[in-house]
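K.L.:
attaching a predicted model along with its sequence, questions to come.
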Amino acid sequence: MDIFSTVKGLEESKQHTKFKLLNQEAQMLNEKRILESWTNGMIDKDGKMVREFQETFHSCFWEFFLFKLFQEAGFTLDQSHQMPDFIINAPTDMYVEAVVSNIKEGGKPESKRTIEDPLSILRPPYLHDMFYEELNESITRDSNAVHSKIKKYRDSYLKREWVREEVPFVIALSSYDQVNYGREYIYSMLALLYGMYFDANSEMYYQKDSIIKPGTKDSSISIGIFNNPSYSDISAIIYSCTVTIGKLTSLSISNNMSSLNTVYNIRKNNVQWKYQLQIVSSNNPEHLADGVFIFHNPNAKHKLPEELFSTIPVKQFFFNDGNLDYMGNATPLVARYNTSSLLAMVSEPYIMEQIRLYNRLSINECYDVVEE
């Protein structure tokens, strides 16, 4: 599938800005090559994907990523049917339906981003004045995306002769729901799926049943949906908020390709319980699966085998009897900052300061201080 081929009747004015960036900018050549490699062997099953990619970008970009991710995991895919998006036959049978959560109608568009927006992704949640408003917005947008796909599964997919009800059904959700979607980490999903609402000051979670929909006074949205047996059709949710053009840049640097950019990742070390800075390089690479999380449904009719993704560094979560367990990637990706190498020299002191703040260290604990 040639995703950058000319689409008849599609004017340049209708092309998505991110598609044009990858297609036209010489400095994005390696990112373009990485993206093209994701689609090797992928079939445009309905003949519309190339056009949709060039016009709307995110939903197809996410499907390209998933296709490559499943290949890296060693899965065998059946591409003979248009739906669900991914039919996996080995090492186990599984259906995966892809969806993205987008910015609400009338919300701040990505075109209105300022220099402050990318830098703010590195700032710890307890220093964000709008953290809870943005968290609730993410929960709302993610909830809409999940409900749209479970409805489609029940009303349409189960009626297809090739779809078997006893096969695990997984929703793969990528978030692009706000200008700064890259700083959502796992907060919105832990709330939406398990009712674990994050307290930014204590960095603890507390149980909650609902939130007030942003922009309303009393319109509530139920959370903790995986605690409700009525959602048992969903076996698990694959999630990421970091599948972006920055991902392409990070992977190209990791593969020792030339780049005019520098990529900084904040990771959470779950062994030492501290935050760490990664400056991406071929010697310190980002993996394709970094930033991918799998949330298992404790009430699923058909459980997803936990060893299914053991060959790639995803992070998996399990919620049973009020306790959250996890396995997989010991240093998951929390946030990524992709910037020009010229700006990196100016930004690095700020970035190091954010790591100090993430770890809540005093200046004396973090830096050498000369006392008079």
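P.N.:
That came through fine.
K.L.:
let's verify Asp44: helix, strand, or coil?
P.N.:
Taking DSSP: H, G, I helix; E, B strand; the rest coil as the rule, one finds Asp44 in the coil state.
K.L.:
heads up, I number from 104, so please use that
P.N.:
Okay, using 104 as the starting number, the last item reads as Asp147.
K.L.:
which ones are touching it?
P.N.:
Residues touching Asp147, when contacts are defined by CB atoms under 8 Å, 6 or more residues apart in numbering, comprise 104, 153. For every residue, glycine as well, the C-beta is placed using N, CA and C.
K.L.:
how about the one 10 residues further on?
P.N.:
Neighbour list for Gln157: 106, 110, 113, 118-119, 122 [criterion: CB under 8 Å, 6+ apart].
K.L.:
biggest helix in this protein by residues?
P.N.:
Of all segments of type helix in the chain, defined using DSSP state H, the longest is helix 234-258.
K.L.:
that one - what's its average pLDDT?
P.N.:
For helix 234-258, mean pLDDT is 95.
K.L.:
find the nearest non-adjacent residue to His184, please.
P.N.:
Distances taken as CB to CB, 6 or more residues apart in numbering put Trp265 closest to His184, at 5.5 Å, once the chain neighbours are dropped.
K.L.:
still on that earlier bit, what comes up buried for the longest helix of the chain?
P.N.:
Under the neighbour-count criterion of 16 or more other CB atoms under 10 Å, helix 234-258 has 234-235, 237-246, 248-249, 252-253, 255-256 buried.
K.L.:
next: stretch 419-438.
P.N.:
By neighbour count, with 16+ other CB under 10 Å as the criterion, the buried positions of stretch 419-438 are 419-422, 429, 431-432, 434-438.
K.L.:
ok, now stretch 189-198?
P.N.:
By 16+ other CB under 10 Å, the buried positions in stretch 189-198 come out as 189-191, 197-198.
K.L.:
from these, which land in helices?
P.N.:
Per DSSP H, the subset of the buried residues of stretch 189-198 in helices is empty.
K.L.:
in a helix, Glu155, correct?
P.N.:
Yes - per three-state DSSP, Glu155 lies within a helix segment.
K.L.:
how close does it get to Cys163?
P.N.:
According to CB to CB, to the nearest Å, Glu155 and Cys163 sit 5 Å apart.
K.L.:
neighbour count for those two, which is higher?
P.N.:
The residue with the greater number of neighbours, taking Glu155 and Cys163 and applying other CB atoms under 10 Å, is Cys163; the counts read 24 against 17.
K.L.:
can you pull out the residues in contact with the strand or helix carrying the more buried one?
P.N.:
When elements are defined using DSSP states H and E, Cys163 is found to belong to helix 161-175. Residues outside helix 161-175 that contact it (CB under 8 Å, 6+ apart): 106, 121, 138, 140-142, 144-145, 152, 155-156, 180, 188-189, 191, 199, 201-203, 205, 275, 277, 279, 341, 346, 350, 391-392, 395, 414-415.
K.L.:
and the residues you listed, which of them are buried?
P.N.:
By the neighbour-count criterion of 16+ other CB under 10 Å, the contacts of helix 161-175 include these buried positions: 106, 121, 138, 141-142, 145, 152, 155-156, 180, 188-189, 191, 199, 201-203, 205, 275, 277, 279, 341, 346, 350, 391-392, 395, 415.
K.L.:
tell me which of the residues you listed fall in helices.
P.N.:
Among the buried ones among the contacts of helix 161-175, the ones falling in helices (DSSP H) are 121, 138, 141, 152, 155-156, 350.
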